[in-house]
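Trainee: Prediction below, plus the sequence it came from.
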Amino acid sequence: MLYRDFGSTGWKVSAIGLGTWNIGNQWGDVDDATAWGTVRTAFDQGMNLFDAAESYGLPNGLSEERLGVALAGIRQQVYVVSKIGNWGKRTGQGVPKNTVDMIRLCAHASLHRLRTDWHDVLLCHEGDIEDPSVYLEGFEVLKEEGRVRVYGISTNSLEVLQRFNADGNCGVVEVDYSLVNRKPEEAFLPYCRENGIGVLVRGPLGMGLLSGRYTAESVFEDPVRAPFNKGGDRRAEFEAKLAKVEQLKELAKPGEEMVQKALQYVISDPAEPVAIPGAKSPEQAKMNAAAGASTLPNEELGKLRV
């Protein structure tokens, strides 16, 4: 596993981390033992960064709860990232984040579920926020309390990131980036590199499409990808990404080879991102971790940019 400087934090972080949305039952049912085993396998394979969010799981917060249990005994050896701002987004039970005390309340609830006293990284989960001042103020209070080490935002918008970083205090950003979504390469990732912002990449496998195992006839039963199905409101997006995957099949065999190439492509960017693919089993976590052994040479990167 490669380890790299994470923005300006001074931390050495594994090039591949574990996204824990998938162990919260929103991508299909996962029992407790499998969820815990997935986290521990990721750690055993060299991953030292784990990403969660208050909204991950059915019920809300389940991913954090399972992660907290799984990290018992190794908490001091890893970096834990979580996000607040979307509690109840998919269940219609949202919590307003309009005061500093509400930011603190949500952060402390997250810490309780994670069974830890501090977040290494806490992110604002409102990616299109116009005025982030309440988060910025709340996160500063949490830093003073010793509950947050570094804070930032999860967003795909450079404009939103620049607003959040207006005073230069954004330490980490999380962005959707993959071989089927290379837009961040244009300006987003260069901005992060220039400003010393650590980059976490969600969706590095294009919501699983970069496994190469799906076709236009595939039917998604999980609520996250159900909009990709025929008649769904994200069907056009699905078909466009699927077309890119079909082109990539000429360069990488579907399955483990394509997964590893997709992850290595992401971590090869000059901004030195940390990819955080999800996994629903120890086997998937082990396969993802293997991609962190190396980056790709420029010649191969060029071929993958279809």
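Mentor: It's in.

Trainee: got the CA coordinates for the strand or helix carrying Ala285 in PDB?
Mentor: In this assignment (DSSP states H and E), Ala285 forms part of helix 282-290. Taking only C-alpha atoms (Å, rounded to 0.1, in the frame of the first residue of the first chain), the coordinates of helix 282-290 have been written out as PDB:
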ATOM      1  CA  PRO A 282     -14.000  -8.500   3.100                       C
ATOM      2  CA  GLU A 283     -13.300  -9.900  -0.400                       C
ATOM      3  CA  GLN A 284     -14.200  -6.500  -2.000                       C
ATOM      4  CA  ALA A 285     -12.200  -4.600   0.500                       C
ATOM      5  CA  LYS A 286      -9.100  -6.800  -0.200                       C
ATOM      6  CA  MET A 287      -9.500  -6.300  -4.000                       C
ATOM      7  CA  ASN A 288      -9.800  -2.600  -3.600                       C
ATOM      8  CA  ALA A 289      -6.700  -2.400  -1.300                       C
ATOM      9  CA  ALA A 290      -4.600  -4.200  -3.900                       C
END
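
Trainee: All the strands of this structure, in order from the start?
Mentor: For the chain, applying DSSP state E gives strands covering 3-5, 12-14, 18-19, 49-51, 79-84, 119-124, 148-154, 172-176, 198-202, 274-275.

Trainee: list the buried ones in the longest one?
Mentor: Which is strand 148-154. Neighbour counts over strand 148-154 (16 or more other Cβ atoms under 10 Å) mark Val148, Arg149, Val150, Tyr151, Gly152, Ile153, Ser154 as buried. In this view, the C-beta of every residue, glycine as well, is placed from N, C-alpha and C.

Trainee: Could you verify my assumption that the second one touches Asp117?
Mentor: Translated: Arg149. No - the criterion here is Cβ atoms under 8 Å, and Arg149 misses it with Asp117 at 11.2 Å.

Trainee: Tell me who's in contact with Pro132.
Mentor: Cys124, Glu126, Ile153, Val160, Arg163, Phe164 (Cβ atoms under 8 Å, 6 or more residues apart in numbering).

Trainee: Endpoints of stretch 227-239, how far apart?
Mentor: End-to-end distance of stretch 227-239 (Cα to Cα, to the nearest Å): 12 Å.

Trainee: average pLDDT across that stretch?
Mentor: The average pLDDT within stretch 227-239 is 93.

Trainee: Over to stretch 276-290?
Mentor: On average, stretch 276-290 scores 97.

Trainee: And for stretch 293-306?
Mentor: Rounded mean pLDDT across stretch 293-306 is 93.

Trainee: just to revisit the earlier point, tell me the two of the buried residues of strand 148-154 that are most distant?
Mentor: For those, the farthest-apart pair by Cβ to Cβ is Arg149 and Ser154; their separation is 16.9 Å.

Trainee: Show me where the stretch 51-200 of the chain has its helices.
Mentor: Using DSSP state H, counting those that start in this stretch, the helices of the stretch 51-200 of the chain run over residues 62-70, 100-114, 133-144, 158-164, 188-195.

Trainee: so what does the second one touch, helix or strand wise?
Mentor: Spelled out, that is helix 100-114. In terms of contacts (3 or more Cβ pairs under 8 Å, 6 or more residues apart in numbering; DSSP states H and E), helix 100-114 is packed against helix 62-70, strand 79-84, strand 119-124, helix 133-144.

Trainee: Just want the angle from the third one to strand 198-202.
Mentor: It stands for strand 119-124. Calculated by axes from the mean of the first three to the mean of the last three Cα atoms, to 10 degrees, strand 119-124 forms an angle of 70 degrees with strand 198-202.

Trainee: Fine by me, we can end here.
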